[in-house]
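Visitor: when you get a sec, could you give me coordinates for this:
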Amino acid sequence: MRAIAALLIVLGLGCQAFLLATRRVPQSSDQAVVGLMARHILAGRGHPVFYWGATYAGSLEPHYVAGVFALAGASPAAYRAAMAVLVLALALGVALLTRRLFGDRAGLLALGYFAVPPFFLLYKGLTSDGAYDAVALTALAAVALALAIDRTEDARGKPWQWLLLGVVMGVAWWVTPLTAGLSLAVAVWLFARRRAPRASALLGLFAGGVAGAFPWWIWNLRHGWASLKAPETGLAGLRAAASNLLDLVWVSVPVLEGGVSATPEVRSIGRAFPLSEELALAALAVLLAPAALRALRGDRTLRLLFLCLAAVLVLPAFSLRFVASEPRYAMAYYALTPALIGASLTGDAGTRSARRWRTAAAVALLVVHGASLVAAKVNFANEDGRVTGDLAPLVRRLEAAGVRDVYANYWTAYRLAFESGEKVIATPLTGDEPVRHERYREEVDGAADPAVVLLGRRDRCFSAFLREKGIPFRRDQVDSFGVYTDLGPGALVSLRAGLGLPLPERAYRARWKLDEQPSEMPAGGSRLVRPDVMNRGPCRWPSSVHLGYHWWALDPGAPSVYDGPRGYLPRPLLPGEWAAVPIELVAPAAPGRYRLEYDLVHESVEWFSNKGGSTASVSVRVTPAGASGAGS
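Guide: Numbers count the residues shown, from 1 in each chain. Coordinates of the predicted model:
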């Protein structure tokens, strides 16, 4: 048995090495942020409670990575090694728990799941982005402790066990409140017994929970409970949640099992091979059915595992951050499913036909897993929205040129800082993309001569802007990157003001489609409309581009209204993209005939119409306030 277990562990490590060597697991700025946090923790530059720039995603993993960096040095390779250790810990923990619950063979089968794992497990496990491995490991610890409590002599547990369980639940809450579903499932399972726990047990659970989430409590007490107000922790409505649950079954579970490729973009999902999605679902159903039947017949241990699995899958569907094709907060799935499969394959043997079906299903699932590893996208690309290739040539060029301070897109900026060992300090294009670390932004904003590093369209658009304005600059090509240095006055005004990358004249082009518009409104009245607008220019619009409108009076002597409320685009629009933009129309105070003109505005820069951009107009009659209703 030990030899087989060792072989399975080696096979699992081989799968990790294959993905890393072939760059199927991407490097990204999200991981670089964790590495930078760990560097700062190790250097005594503070102990952040949350992932930089967020009020959620507790900093447990960055502190762990700081410990690894203390031993191995701060580098991308050390970061990967740190994550590989967590994945191995999860595999061994699940296998040992399964072995204890269901026997040696079940434990080996659970370990076999990790020996040839689905791609998503390693995609998130070897990157984690600061939270996802911790979600799986705290789930495993909570389930193991609950089972230990239930299996004590009087099935009431010992006070220290309850205290430790509370600590694990508290830490999990700090990592992400989305772990609350599993913690609730564990608590319900423990309390749904004939013999209620002692009062000391409940006190220990509560005290442990407060202690485990102590950083979360202290930070939120000081910051007005900002964690509970963050959009990332918001809940979807019932209709959206119901739709998410359907997507969870048909998209998320196949992603978790490798039948569907993992991606943040639902529109670009792919499959490991034809019918791999259906095969993964069918195989999983066959493998889980025997354990489910045993749970229905009264097996208390299996009931806990299924209850926790349901909580792990269902609660994220109520999150506003739910993405069916990238179910990252369902990582605890891997702490539960291998144990259930092990229990099913080693339980009541049943008929020979049933055994054959289960064996075939297990083989089919492993085939899907293996295919998902081979079919995973290779990440050599450095593009504006996806910087996953090698940055070493860029780092060397910047260091050789003596460049320390850089503006770049989000996916380049923090990788530059981390992979250069902070010899280069880079911040995202302020006003265009999220800024994770304000001190970097302040340094780059205050630098005398920062460089600008761009890719693709934004590279071409910035170059066009500089030429239009006659601003001197030097541009070097480094792989796919345009590196701008020796920039003259005026080149960085927009970035330093937080308005995003400046645009050339040809970027101020739009196309319009108007929905149902009012033909009549009462003076001072309001109405919500949703015009559609398309980016007709060659450049991505920054987030400082908003929708506005003008009221042009058509009656002699009547006043026009040039400015008013804003409508906010759902995202920075790429060339050719449409968006419906909600905006509140507020009618002028003076009755009369008006031409309502929709226009876009680059805030603190100019209206699009003043740059030659098109507008959209309708005629509206403004009636005296209190007159009969508005037409449409």
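Visitor: tell me the contacts of the closest residue to Arg99 other than its chain neighbours?
Guide: Spatial nearest neighbour of Arg99, excluding adjacent residues (C-beta to C-beta, 6 or more residues apart in numbering): Gly107 at 2.7 Å. (C-beta placed from N, C-alpha, C; glycine too.) Residues near Gly107 by C-beta atoms under 8 Å, 6 or more residues apart in numbering: 5, 95-96, 98-100, 342.
Visitor: of these, buried ones?
Guide: Buried by 16 or more other C-beta atoms under 10 Å: 5, 95, 98-99, 342, out of the contacts of Gly107.
Visitor: in helices, which of those appear?
Guide: Counted as lying in helices by DSSP state H, out of those, are 5, 95, 98-99, 342.
Visitor: and which of these is nearest Lys423?
Guide: Lys423 has its nearest neighbour among those in Ala95, at 42.5 Å by C-beta to C-beta.
Visitor: Val478 contacts Leu391, correct?
Guide: No. Val478 is beyond contact range of Leu391, at 9.5 Å (criterion: C-beta atoms under 8 Å).
Visitor: those two: who's more crowded?
Guide: Taking Val478 and Leu391 together and counting by other C-beta atoms under 10 Å, Leu391 has the greater number of neighbours (25 against 16).
Visitor: how does the protein divide into domains?
Guide: Here the domain parsing of the chain from automatic domain parsing is 2-375, 383-502, 507-623.
Visitor: turn the ones you listed into CSV, columns for mean pLDDT.
Guide: Listed next are these as CSV, based on pLDDT from 0 to 100:
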stretch, mean pLDDT
domain 2-375, 92
domain 383-502, 95
domain 507-623, 94
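Visitor: centre of the chain to stretch 556-573, how far?
Guide: Relative to the chain's own centre, stretch 556-573 is displaced by 33 Å; criterion: C-alpha atoms, centre = their mean, to the nearest Å.
Visitor: how about stretch 613-630?
Guide: Distance, stretch centre to chain centre, for stretch 613-630: 42 Å (C-alpha atoms, centre = their mean).
Visitor: what residues sit buried inside it?
Guide: Within stretch 613-630, the residues that count as buried by 16+ other C-beta under 10 Å are 613-614, 616-617, 620-623, 630.
Visitor: ditto for stretch 58-70
Guide: Neighbour counts over stretch 58-70 (16+ other C-beta under 10 Å) mark 58-66, 68-69 as buried.
Visitor: hmm, back to that, out of the buried residues of stretch 613-630, which comes closest to Ala84?
Guide: For these, the minimum distance to Ala84 (C-beta to C-beta) is 51.5 Å, reached by Gly613.
Visitor: quick one: the strands in the stretch 301-450 of the chain?
Guide: With strands called from DSSP state E, counting those that start in this stretch, the stretch 301-450 of the chain shows them at 382-383, 386-387, 405-408, 425-428.
Visitor: of all the ones you listed, which one is nearest Tyr334?
Guide: Between the strands of the stretch 301-450 of the chain, strand 386-387 lies closest to Tyr334; by C-beta to C-beta that is 25.7 Å.
Visitor: the closest one packs against which elements?
Guide: Packing partners of strand 386-387 (3 or more C-beta pairs under 8 Å, 6 or more residues apart in numbering; DSSP states H and E): helix 410-419.
Visitor: what sits up against the helix it packs on?
Guide: The list of residues contacting helix 410-419 from outside it, by C-beta under 8 Å, 6+ apart, reads 27-30, 32-33, 35-36, 39, 74, 76, 382, 385-388, 391-392, 394-395, 398, 406-408, 424-429, 433-434, 436-437, 440, 453, 455, 481.
Visitor: returning to what we had before: now the buried ones among the contacts of Gly107 in JSON lines, with distance to Arg294?
Guide: Formatted as JSON lines, the buried ones among the contacts of Gly107 follow (distance: C-beta to C-beta, whole Å):
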{"residue": "Ala5", "distance to Arg294": "25"}
{"residue": "Ala95", "distance to Arg294": "20"}
{"residue": "Thr98", "distance to Arg294": "14"}
{"residue": "Arg99", "distance to Arg294": "18"}
{"residue": "Gly342", "distance to Arg294": "13"}
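Visitor: now, which of those sits nearest Leu336?
Guide: Thr98 (10.1 Å).
Visitor: contacting residues for the closest one?
Guide: By C-beta under 8 Å, 6+ apart, Thr98 lies in contact with 106-107, 109-110, 338-339, 342-343.
Visitor: now tabulate those in JSON lines and tack on distance to His369.
Guide: JSON lines is the format used below for the contacts of Thr98 (distance: C-beta to C-beta, whole Å):
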{"residue": "Ala106", "distance to His369": "18"}
{"residue": "Gly107", "distance to His369": "19"}
{"residue": "Leu109", "distance to His369": "14"}
{"residue": "Ala110", "distance to His369": "14"}
{"residue": "Pro338", "distance to His369": "11"}
{"residue": "Ala339", "distance to His369": "17"}
{"residue": "Gly342", "distance to His369": "15"}
{"residue": "Ala343", "distance to His369": "19"}
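Visitor: just the buried members of the residues you listed?
Guide: The neighbour-count test (16+ other C-beta under 10 Å) marks 106-107, 109-110, 338-339, 342-343 as buried among the contacts of Thr98.
Visitor: so which elements touch the lengthiest strand in the chain?
Guide: Across the chain, the longest stretch assigned as strand under DSSP state E is strand 592-602. When contacts are defined as 3+ C-beta pairs under 8 Å, 6+ apart, strand 592-602 sits against strand 545-553, strand 606-607, strand 616-623.
Visitor: how far off strand 592-602 does the first one point, in degrees?
Guide: Between the axes of strand 545-553 and strand 592-602, defined by axes from the mean of the first three to the mean of the last three C-alpha atoms, to 10 degrees, the angle is 160 degrees.
Visitor: which strands and helices sit next to the very next helix or strand once past strand 545-553?
Guide: Counting by DSSP states H and E, the next helix or strand C-terminal to strand 545-553 is strand 567-568. Applying 3+ C-beta pairs under 8 Å, 6+ apart, one finds that strand 567-568 makes contact with strand 545-553.
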